[in-house]
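A.B. asks: Sequence first, predicted coordinates after that:
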Amino acid sequence: MSRRLLPLVVLGALLAPVPARAQGRGQVDFCLASVSGVNFGEFSGEAVKSTGSIRILCSGRGTRNPFTISLSEGSSGDYSRRLMRSGTSSIGYNLYLDLQRTLVWGNGRRRTGVFEGSLDFFLLNSDLQLIEIYGQLFDQAAPPPGTYSDTIQVEVDF
């Protein structure tokens, strides 16, 4: 099994090669992964929903090559309420696996889930996966103006 950590800046993006080896019916030779961060825009104190995405482009052979994606807690150290910070101020938010925002995207422990997918190499021996990240700011008092951000580690396991 191969692992690769990628930072997910809630308001940023990244492109990184991911060396890969899968334990499935085939073989994963190489992957590129990129993250489009979740951008909530301006916040007035009412709940805000937004999305980001993770793109994985891999080359290899065969079908049903499993992979998982887990996310860290970020600066809060707590999956139940992640925090974006600007100086000493913070805004509570979370990231979810589902559109309804009921299953917190984490590491599979402490009431969180991980994304589980499968790479199938047919045409040109490549597979592109686009995985949505569902984010939500919680109802809370509007914080002082500023640029609020958090960095989440994205772990892709093949």
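C.D. replies: Okay, I see it.
A.B. asks: Please make it C-alpha for all contacts and neighbour counts, starting now.
C.D. replies: Fine.
A.B. asks: I'd assumed Gly52 was in contact with Phe40.
C.D. replies: No. The criterion here is Cα atoms under 8 Å, and Phe40 misses it with Gly52 at 9.8 Å.
A.B. asks: Mind checking which of these two has more residues around it?
C.D. replies: Shown here are Phe40 and Gly52; by other Cα atoms under 10 Å, Gly52 has more neighbours (21 against 18).
A.B. asks: Excluding sequence neighbours, find me the nearest residue to the more buried one.
C.D. replies: What sits nearest to Gly52 in space, not counting adjacent residues and going by Cα to Cα, 6 or more residues apart in numbering, is Val38, at 4.4 Å.
A.B. asks: that older thread, now do the shared contacts for Phe40 and Gly52.
C.D. replies: By Cα atoms under 8 Å, 6 or more residues apart in numbering, Phe40 and Gly52 have no common neighbours.
A.B. asks: how about the strands in the chain?
C.D. replies: 3-9, 13-19, 27-36, 48-61, 65-71, 82-86, 89-96, 115-119, 126-137, 151-157 (DSSP state E).
A.B. asks: Can you point out the buried residues in the longest one?
C.D. replies: In this case it means strand 48-61. 48-49, 51-61 (16 or more other Cα atoms under 10 Å).
A.B. asks: Excluding residues flanking it in the chain, which one is nearest Ser44?
C.D. replies: What sits nearest to Ser44 in space, not counting adjacent residues and going by Cα to Cα, 6+ apart, is Ala142, at 5.3 Å.
A.B. asks: so that neighbour sits right up against Gly45, yeah?
C.D. replies: Yes. Ala142 lies in contact with Gly45 (Cα under 8 Å); the separation is 4.3 Å.
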